[in-house]
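Q: Build me a model from this:
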Amino acid sequence: MNRTNINVKECIICYNEYDFETRKPCIGICGHSICENCKHQMIYSICPHCKREDAFAITTINYQVLEMIQHFKSMQQRLSEDSKGLEEGTCSECTIRSRKLRLCITCAVEAGVLKHDETKKEFVLNIVNNDTEAGLCRAKRIAICGDCALDGTHHEGHKTMQLAVLMSNLEDGIPVVVERKVNDIRDNGNKVFEVLKLKYETTIDSLKIYFEKFKDLPVDERKQHFNNIEASIEKVKDTLALVRDATRRFEMLNEEFEECLDVVKSNKKAVTRVNTVFASMDPVVVAGEFCPNTPLLIGVFNPKNQFWTPSGRMPNPKSNYAVASNKSQIFIVGGIFNGSFLPNVEMYDKDKNLRRDCNRLKRGRTRTSAGFHNGKMYVAGGYDNTYMDTVEVFDPDHGDWKDGPPLKRPRADGAVVSCNGELYALGGFNGKEYEEKIEKLNEQTQKFEVFGEMEGSRAGFGVCTFRGRIYIAGGWSSSSNTLRSVRSYDPMTNSWRDEPSLNKDRKYFTLHATSQTIYAIRGCADSWSQITEVEKFDEDRQKWDIISCTGTPSILEQGVS
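A: Okay, here's the model as predicted:
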């Protein structure tokens, strides 16, 4: 077997993984490592990889690799626990794995994990800010095994409950919770409309009083006064246009809900919407570095604890590639190396810690865009000495490529994004100017159609979908700037609005939306220096906060195997 890439977790002689017993990693003066068993069997001390003489004359255990392996195994265990049921995991006291974790009710109440429901006359999960998932995570962090529940001295006389029972109780209460949310949104909406009506009437009254003050002005001042009034009227018209857009949005939502109601009535089944992708709080695989002279670093960002954990570097050098994430996988598409436009596609799966080469693109391209829509990856536009409008579609289940419908406008460094069940292509540079046209894929005709305008385009930006809107951030709008501005687009009303700006200028970064917020993850500054800080959007305060990813263990950046 030809092994061109060194896996730092295994010996380069026997290809067995290192362990803490007979196969500890021994590092040579050349920097390469072999296992302790192979080291003792060596006749000469020449490095088997670089052939350096006396590289292994002295036995030196590589404890840094051992620490990395230990951390990686614990990380895999945590990911494994996250993927299993609530009741299975590690006891918080004895650290032994248990298939039926329990909660000490007394201790859980003291910790604020459980509370007593006077209506149900039972202990239930204490849910803060409607975040059930966070409540379950807190419960699992203090869960114990059956032995600790029976033998633990500080649990003596305390009652316990199985975590599975806690989950069952939550599921029984789902209809009540959802009904309460429906009622809450109705009540909140009524309050908003009452305030809106009051503010509108107050504003018009003030405008009328302002207008009537012309009687107190000299004749030569009245013309300017009337011009000011007309300008104020235009501002009111602009604001009313936003209200009409909201009205149209409610009309479209009502049509959707009525269609769903008809389906449930007719079929007695829940509505299945394959086009709808719900944001979650699951860990996401992201590319940590887009800098052209640095091998691509792959890592995992976990929104639950806001940890960034590097996984390793991809082996094949390139720059100006596209990146697309899908569940536990990340795809690296195209790029350029030594002047060649690459058709290569690489995939890394965080759950399996596996990197592999996928079938190649039909056409090599750099500065292309990639994104997932209805389970397939769309690669659109790019550059191959000409600005491209071609589209290729990858089926990850079968591993094959097909030609997709071409774009109406060629573009490079743009974006493709799925929003509300529709696929959009936006932004980028077309060889002459930054492309203003937004295109949408017509699913029936399988053609891209011009759908809207960017109203100020850019390239190399981050993009995501959040609460029915397409958010774009950062990038550049000329050859000499890097942006921090953020805007959002509503496809239902075909309208843009300005959003709070990032704290840092960023380009070639990941903009990731969860069910609760948006994160701007890593990327490059104007000078191509690496940005390691992550920013989090606070929708209530309408600002971005730089968050610390401290607590992330420092590990060796190994080559991805």
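Q: dump the residue contacts of Val486.
A: 471-474, 498-502, 544 (C-beta atoms under 8 Å, 6 or more residues apart in numbering). From N, CA and C alone the C-beta is placed, and that goes for glycine too.
Q: what about burial for those, which qualify?
A: 471-474, 499, 501-502, 544 (16 or more other C-beta atoms under 10 Å).
Q: among the residues you listed, which two are most distant?
A: Ile472 and Trp544 (14.2 Å; C-beta to C-beta).
Q: Go ahead and report the secondary structure state at the closest residue to Val271 other than its chain neighbours.
A: The shortest distance from Val271 to any non-neighbouring residue, by C-beta to C-beta, 6 or more residues apart in numbering, is to Cys260 (4.7 Å). The three-state label given to Cys260 by DSSP: H, G, I helix; E, B strand; the rest coil is helix.
Q: Count the residues that sit near Cys260.
A: 13 (other C-beta atoms under 10 Å).
Q: same check, this time on Asn228
A: So Asn228, with other C-beta under 10 Å, has 13 neighbours.
Q: The one 5 residues further on too?
A: Neighbour count of Ile233, defined by other C-beta under 10 Å: 12.
Q: per-residue confidence at the closest residue to Lys24 other than its chain neighbours?
A: Counting by C-beta to C-beta, 6+ apart, Lys24 lies nearest to Glu36, which is 4.5 Å off, once chain neighbours are set aside. Looking at Glu36, its pLDDT is 87.
Q: can you pull the contacts of the nearest residue to Arg411 once chain neighbours are set aside?
A: Using C-beta to C-beta, 6+ apart and skipping the chain neighbours, the partner closest in space to Arg411 is Gly428 (3.3 Å). Residues near Gly428 by C-beta under 8 Å, 6+ apart: 369, 381, 411-415, 434-435, 457, 459.
Q: can I get the residues you listed in a markdown table with secondary structure and pLDDT?
A: Formatted as a markdown table, the contacts of Gly428 follow (DSSP: H, G, I helix; E, B strand; the rest coil; pLDDT from 0 to 100):
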| residue | secondary structure | pLDDT |
| --- | --- | --- |
| Ser369 | strand | 96 |
| Gly381 | strand | 96 |
| Arg411 | coil | 96 |
| Ala412 | strand | 95 |
| Asp413 | coil | 95 |
| Gly414 | coil | 96 |
| Ala415 | strand | 96 |
| Tyr434 | strand | 94 |
| Glu435 | coil | 94 |
| Ser457 | coil | 93 |
| Ala459 | strand | 94 |
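Q: Dihedrals phi and psi, Asn190?
A: Per-residue torsions, Asn190: phi -60, psi -40 (degrees, to the nearest 10).
Q: can you count the residues close to it?
A: 10.
Q: likewise Arg365?
A: 28.
Q: any idea how far it lies from Lys265?
A: 48 Å (C-beta to C-beta, to the nearest Å).
Q: same question, Arg102
A: For Arg102, the distance to Lys265 - C-beta to C-beta - is 43 Å.
Q: Looking at those two now, which is surrounded by more residues?
A: Arg102 (25 against 8).
Q: And stretch 142-160, what's buried?
A: Those buried within stretch 142-160 under the rule 16+ other C-beta under 10 Å are 142-145, 148-149, 152, 155, 160.
Q: contacts for it?
A: Under C-beta under 8 Å, 6+ apart, the answer for stretch 142-160 is 89, 91-94, 96, 98, 100-108, 111, 113, 163.
Q: Mind doing that once more with 10 Å?
A: 86-111, 113-114, 123, 161-163, 166 (C-beta atoms under 10 Å, 6 or more residues apart in numbering).
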